[in-house]
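Trainee: Please find the sequence and the predicted model below.
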Amino acid sequence: VIGVLTAFGSPDGQPAFGAPSSDPLLGSPHPRPLPSRIVALREDKWVLLDPREIRYAEADHNNVWLNSDQGRLLAATRGLDRLERQLEDKGFLRVHRRFLVNLSRVREVEKGFKGTLLLSTDTRTHETVPVARRHAPYLRQALGL
């Protein structure tokens, strides 16, 4: 019966049962996608971060710490690999087995010992992220160096 009602609509000319409505209060047939957010935890609160606020992510076993404009927060996502998949199209690059960095937040690149690199994301606090030698060519390409 429901299939018949949805196919033909109602006898009084109203839209079919379950059909998208043009009433703005009831929602549009094509809802706009929500902006991409990363969920983090601060004490007992959930914090919704815009990916641009995150400078880098650091793995500590299965926990992932986000160094952001709002401080150091624990990511709700467990594991750096999962977070990397969430952020892969947002300008983030894996530069070390423990670090994922927001390329738009890199301020300085320093040569380290035996071909390693150090990235500085905040020059005021001398916050640095190590780059493993095997990831250095990808970083150079991504930054145009």
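Mentor: Looks like it came in fine. Everything quoted here is computed from the prediction, not taken from an experiment.
Trainee: and the most centrally placed residue in the chain, what does it touch?
Mentor: The chain has residue 87 as the residue nearest its centroid, 3.9 Å off, counting by CA atoms, centre = their mean. Under the criterion of CB atoms under 8 Å, 6 or more residues apart in numbering, the contact list for residue 87 reads 38, 51, 54, 57, 100. (C-beta placed from N, C-alpha, C; glycine too.)
Trainee: again with residue 72
Mentor: With the criterion set at CB under 8 Å, 6+ apart, residue 72 makes contact with 65, 66.
Trainee: secondary structure element for it?
Mentor: Residue 72 belongs to strand 71-75 when assigned by DSSP states H and E.
Trainee: Please enumerate the strands of the chain.
Mentor: Secondary structure of the chain (DSSP state E): strands at 38-42, 45-49, 54-60, 63-68, 71-75, 92-96, 99-102, 108-111, 117-122, 127-131.
Trainee: Reformat those strands into CSV and put distance to residue 140 and mean pLDDT next to each item.
Mentor: Output for these, formatted as CSV (distance: least, CB to CB, whole Å; pLDDT from 0 to 100):
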stretch, distance to residue 140, mean pLDDT
strand 38-42, 26, 90
strand 45-49, 28, 91
strand 54-60, 18, 94
strand 63-68, 23, 93
strand 71-75, 27, 92
strand 92-96, 11, 93
strand 99-102, 13, 95
strand 108-111, 9, 89
strand 117-122, 8, 88
strand 127-131, 9, 90
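Trainee: Ok, which of the ones you listed comes nearest residue 145?
Mentor: Nearest to residue 145 among the strands of the chain is strand 108-111 (6.9 Å), distances taken as CB to CB.
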